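K.L.:
what's the 3D shape of this:
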Amino acid sequence: MNSSTTNPIYSFIQSIPFLTNIIKKGGIRLKWVTAVSALMVIVISIISFLLITISEHALIKANDKLCQTIAHTISSSESFLTAEKRALKRSMILQDIVKGLSKTGIEGFVYAAVYDLNGVLAEKKYTYAAHTNAKLHGKYFSKDLVKQFASLNTTVKERIELTIDSSQTWCYRYRIPFEFFKSKVGIIEIVFTEDAILGPVHKARLLMLIIAAILLSASIYAAMRIARQMVQPLVQLTTGVIKVKDGDLTTRIDVTTHDEIGILTEEFNTMIDHLREKLKMQKFVSESTISMIHEKRDDELDLGGTNKNMAFLFSDIRGFTAMSEKLPPEQVVSILNEYLDLQAAIIKKHGGDIDKFVGDEIMAVFEDKTKADTAVEAAVDIIESIQKLNKQREKAGAVTITVGIGIHMGDVVHGRMGSKDRMDFTSIGDAVNLAARLCSHADAQTIIVSQEIITNLSKKKFKGKKLGPIKVKGKEQPIPIFQITGKA
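P.N.:
This is a model prediction of the structure:
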């Protein structure tokens, strides 16, 4: 089963062509930048949240303490209030204290008020004993407040919305019991704007956003640089793979990292070296051998063969021994390779396969339906091509070479011969031996074929003549032979 079909994320992305194209174009670089950016956003968000939350709590706690201090300042006038017997005078003392608070310039201070609950702090109970707004001093407060104050025995903090300068403003209101000789006689109310309390937090939040944007931009830039460094070797590897697929085995990639990508690059270069070695080794084996290896698994490469009807062409250079005695070995090899290369190209052009080179001799195999025709066509082309090459070499004053060719066809055993550790993919049988014998009887620039070849040739395609039968080793009766002199 294809693993991609079981991956829900892959299947989801694959179902959206637009998203698939974006990810393919962005590749690993896009994934890396996205992952790093997401991680940075998460980390920055968590840190910012913690810092802002801690700061907010600290500032609110500090404001709570400030309100407690203000309330203590107001309630600490108890000694003055005790000395004054008249409630009106007490109210005036509290009014002066509250009015003084408004002049201190405390940021965010809205107002302070002292509510009288039983006529101890003011002339009349349920009136304002003091208020930052002097107009409210001595005025009655609402019955709702009376009900609220009745059950208020500890400090209460509330977040409320007030209209300040014609705009709605969020504030924190503190209500603290006013005790006179350990008896609750009133309520102290102090109000601060929320912006004044949490203003530094808001400024810090803005600063955090700016810093976060800078850090995020820097992290994205760094991620892109790192991703580029990571992806570049992969891009080079991809390019190298494409070149190898197209048959270019000269590709080599520089190793620029010491991580897994560097190891992969080294292995890629090693693979290319091995492929080049195998390509070179293929030149030393026949195409049929290569085809057989491709078709078989390792556990199927056992010794053995099958019966096949095939045509065999042997071409042997005449006078090679005499030439090799007169010329330096290097020159002999150069001349020999030139003529063998010419013949091999012609054999391949006609669909034949070079089974092996035996010194100055070529053994070629033809196994198509018209193998008799293709083998003889190849032989005629070899003779004609060597004649042309010899004319060119004679003009240049170079040594020339001639060949004799023998062709026969018949049933053989074709397969893997040898040992388990060293085998050859070739053909053995009487047909192979007879083709070799015919080659040895052929004169220079002569093609000798057997009766089987003549029988299977297309009519009126070649010119030739019948020769006298020859006696060959291993045969009791003389073998009829024919000479092919060219194409009809």
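
K.L.:
which stretches of the protein have low pLDDT?
P.N.:
1-6, 9-10, 13, 18-19, 22-27, 29, 75-84, 277-305, 417-425 (pLDDT under 70).

K.L.:
Pull up the gap between the residue lying farthest from the centre of it and N21, please.
P.N.:
The outermost residue of the chain relative to its centre, with distances by C-alpha atoms, centre = their mean, is K85 at 90.0 Å. The spacing between K85 and N21, counted by C-beta to C-beta, to the nearest Å, is 91 Å. All C-beta spots, glycine's among them, are computed from the backbone N, C-alpha and C.

K.L.:
now G429
P.N.:
Distance, G429 to N21, using C-beta to C-beta: 61 Å.

K.L.:
more neighbours, those two?
P.N.:
Per other C-beta atoms under 10 Å, whichever of G429 and N21 has more neighbours is G429, with 17 against 10.

K.L.:
Skip the chain neighbours and tell me the closest residue to the more buried one.
P.N.:
Take G429 and drop its neighbours on the chain: the residue closest to it by C-beta to C-beta, 6 or more residues apart in numbering is V412, 3.4 Å away.

K.L.:
what's the longest helix in the protein?
P.N.:
In terms of residue count, the longest helix belonging to the chain (DSSP state H) is helix 17-75.

K.L.:
what's the offset of that one from the middle of its chain?
P.N.:
32 Å (C-alpha atoms, centre = their mean, to the nearest Å).

K.L.:
that older thread, the residue nearest to G429 contacts S427, correct?
P.N.:
Yes: the pair V412 and S427 passes the contact test of C-beta atoms under 8 Å, sitting 4.4 Å apart.

K.L.:
Of these two, which one has the most company?
P.N.:
For V412 versus S427, neighbours defined as other C-beta under 10 Å are more numerous around V412 (23 against 20).

K.L.:
What residues does the more buried one make contact with?
P.N.:
Applying C-beta atoms under 8 Å, 6 or more residues apart in numbering to V412 gives the contacts N307, K308, N309, M310, S427, I428, G429, D430, A431, V432.

K.L.:
Please identify which of those residues is nearest to I405.
P.N.:
V432 (14.9 Å; C-beta to C-beta).

K.L.:
With distance to K463 as extra columns, can I get the contacts of V412 in TSV?
P.N.:
Formatted as TSV, the contacts of V412 follow (distance: C-beta to C-beta, whole Å):
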residue	distance to K463
N307	33
K308	30
N309	26
M310	25
S427	29
I428	33
G429	30
D430	28
A431	25
V432	27
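
K.L.:
and which of these is nearest to F141?
P.N.:
Relative to F141, the closest of the contacts of V412 is K308; by C-beta to C-beta it sits at 119.4 Å.

K.L.:
Spatially nearest residue to that closest one (excluding sequence neighbours)?
P.N.:
Leaving out its chain neighbours, the residue that sits closest to K308 by C-beta to C-beta, 6+ apart is H414, at 4.4 Å.

K.L.:
Regarding that neighbour, what is its secondary structure?
P.N.:
At H414 the chain is in strand, as set by DSSP: H, G, I helix; E, B strand; the rest coil.

K.L.:
Enumerate every residue touching it.
P.N.:
Contacts for H414 (C-beta under 8 Å, 6+ apart) come out as G305, T306, N307, K308, M310, T426, S427.

K.L.:
would the fifth one count as being in a strand?
P.N.:
When you say that, I think you mean M310. Yes: according to three-state DSSP, M310 belongs to a strand.

K.L.:
Now it. Nearest residue, chain neighbours left out?
P.N.:
Once flanking residues are discounted, M310 sits nearest to E367: 4.8 Å by C-beta to C-beta, 6+ apart.

K.L.:
so that neighbour touches K308, yeah?
P.N.:
Yes: using C-beta under 8 Å, E367 is in contact with K308, at 6.6 Å.

K.L.:
Have a look at those two and say which one is more surrounded.
P.N.:
Applying other C-beta under 10 Å to E367 and K308 shows that E367 carries more neighbours, namely 19 against 16.
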